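>>> Give me coordinates for this.
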Amino acid sequence: MGPTASGKSAVAVEVAVALGDVEIVTVDSMQVYRGMDIGTATPTPAERGGVPHHLLDVADPAEGYDVARYAQAAREAIDGIEGRGHRALLVGGTGLYFQAVVDGLVLPGRWPEVRKALEADPDTCRLYRRLRVLDPAAAAKMEPTNRRRVVRALEVTVGSGQPFSAFGPGVGWYPTSPWRIAGLWLARAEGSARIARRLAEMVDGGLVAEVEALRSGGLSRTARQALGYREVLDHLESGTPLAEALALVESRTRALARRQRMWWRRDPRITWYGTGAKPLAVVPSLLGDWRK
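Numbering: from 1, shown residues only. All right, here's what the predicted structure looks like:
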């Protein structure tokens, strides 16, 4: 696990090849979408090194895909891998998806009509105040301005008739786990440099054309909000200058990396491996620890 652009995918393939009995399960909320390859840095067939990868390109960009659907698919993939006598290596940076599988988070259902009514209210702070009355425990764990989380908590609370906080201990709970968990860590300056280089490679590799093709085929609300895609869509649909859109992609990717670091560093079960310009240098240490 670890922040974006830390080299997780390349390190995972090297580890899998060295161990020989490993298949990779991707833990990424956007790499599940077919055709969203360049902007999500989905490993190419060549980059996968002959190692089987699961949960890449499993959904159409026009459909929604959420954590509950992912958790079920991931468990099925892991069962299949272990049934073949192999081991599953989870790789990615979407913390909620990771905990849904590793910690078996209890995932509430969906109440579309309730959500539609909540979304009609543009005042996020007012919605938060409502949540604070209905479920103060849940409200205390989120920022009042985090509209996505506030609306989701209210949707569950109103729709189910139970407080959102009643659905298990949530993401701040780190039980003893049978999984060995490794995290890749790199200095912020190096992370920023890697993000900038990767974005330049995405643009050279056809990011704008990829977004244009996806737009013509239809994109779900979730897919449209993917980092890199929403900014290029603003360029294509609203006339935002491309340079401005790409600058936003870079700054928002750096912000994502900060949030990911904050998420992962709370988990005491992770063994951290510092990386620099050459992430593959950590592979011997990883293999040495995992073979103990």
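
>>> Going by C-alpha atoms from here, please, whenever you check contacts or count neighbours.
OK.

>>> for residue 30, helix, strand, or coil?
Three-state assignment for residue 30 (DSSP: H, G, I helix; E, B strand; the rest coil): coil.

>>> pLDDT wise, what is it at?
On pLDDT, residue 30 comes in at 95.

>>> Please spell out the segments of the protein that come in under the pLDDT threshold.
Low-confidence segments of the chain, defined by pLDDT under 70: 168-172.

>>> How is it divided into domains?
Domain assignment for the chain by automatic domain parsing gives 8-105+174-290, 112-166.

>>> now those in TSV, with mean neighbour count and distance to residue 1?
As requested, the domains of the chain are arranged in TSV below (neighbours: other C-alpha atoms under 10 Å; distance: least, C-alpha to C-alpha, whole Å):
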stretch	mean neighbour count	distance to residue 1
domain 8-105+174-290	17	5
domain 112-166	17	23
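
>>> Using TSV, please lay out those together with distance to residue 2.
Listed next are these as TSV, based on distance: least, C-alpha to C-alpha, whole Å:
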stretch	distance to residue 2
domain 8-105+174-290	5
domain 112-166	22
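
>>> Which elements pack onto the helix or strand harbouring residue 158?
Here residue 158 is covered by helix 147-160, with elements defined by DSSP states H and E. Under the contact definition 3 or more C-alpha pairs under 8 Å, 6 or more residues apart in numbering; DSSP states H and E, helix 147-160 sits against helix 112-119, helix 124-134.

>>> could you dump these to a markdown table with distance to residue 81?
Listed next are the helices and strands packed on helix 147-160 as a markdown table, based on distance: least, C-alpha to C-alpha, whole Å:
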| stretch | distance to residue 81 |
| --- | --- |
| helix 112-119 | 35 |
| helix 124-134 | 42 |
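
>>> for the protein, what's the longest helix?
Scanning the chain for the longest helix, with DSSP state H as the assignment, gives helix 242-265.

>>> dump the residue contacts of residue 68.
100, 107 (C-alpha atoms under 8 Å, 6 or more residues apart in numbering).

>>> From residue 51, how far off is it?
26 Å (C-alpha to C-alpha, to the nearest Å).

>>> what does residue 83 give?
When residue 83 is compared with residue 51 (using C-alpha to C-alpha), they lie 17 Å apart.

>>> Residue 291 now?
For residue 291, the distance to residue 51 equals 19 Å [C-alpha to C-alpha].

>>> try residue 87
Residue 87 is 12 Å from residue 51, by C-alpha to C-alpha.

>>> again with residue 179
Residue 179 is 20 Å from residue 51, by C-alpha to C-alpha.

>>> Spatially central residue for the chain, please.
By C-alpha atoms, centre = their mean, the chain has its centre lying nearest to residue 94, at 2.5 Å.

>>> ok now do residue 118, which residues does it touch?
Neighbour list for residue 118: 127, 151, 154-155 [criterion: C-alpha under 8 Å, 6+ apart].

>>> Is the nearest residue to residue 271 once chain neighbours are set aside in a helix, a strand, or coil?
Take residue 271 and drop its neighbours on the chain: the residue closest to it by C-alpha to C-alpha, 6 or more residues apart in numbering is residue 182, 4.9 Å away. Secondary structure, three-state DSSP: residue 182 is strand.

>>> residues contacting residue 182?
With the criterion set at C-alpha under 8 Å, 6+ apart, residue 182 makes contact with 1, 270-273, 286.

>>> So which of these sit within strands?
Applying DSSP state E to the contacts of residue 182, the entries found in strands are 270-273.

>>> Please enumerate the shared neighbours of residue 87 and residue 51.
With contacts defined as C-alpha under 8 Å, 6+ apart, the residues adjacent to both residue 87 and residue 51 are 22-23.

>>> thinking again about what came up before, would you point out the most distant pair within the ones in strands among the contacts of residue 182?
Across the ones in strands among the contacts of residue 182, the longest distance by C-alpha to C-alpha is 9.5 Å; it joins 270 and 273.
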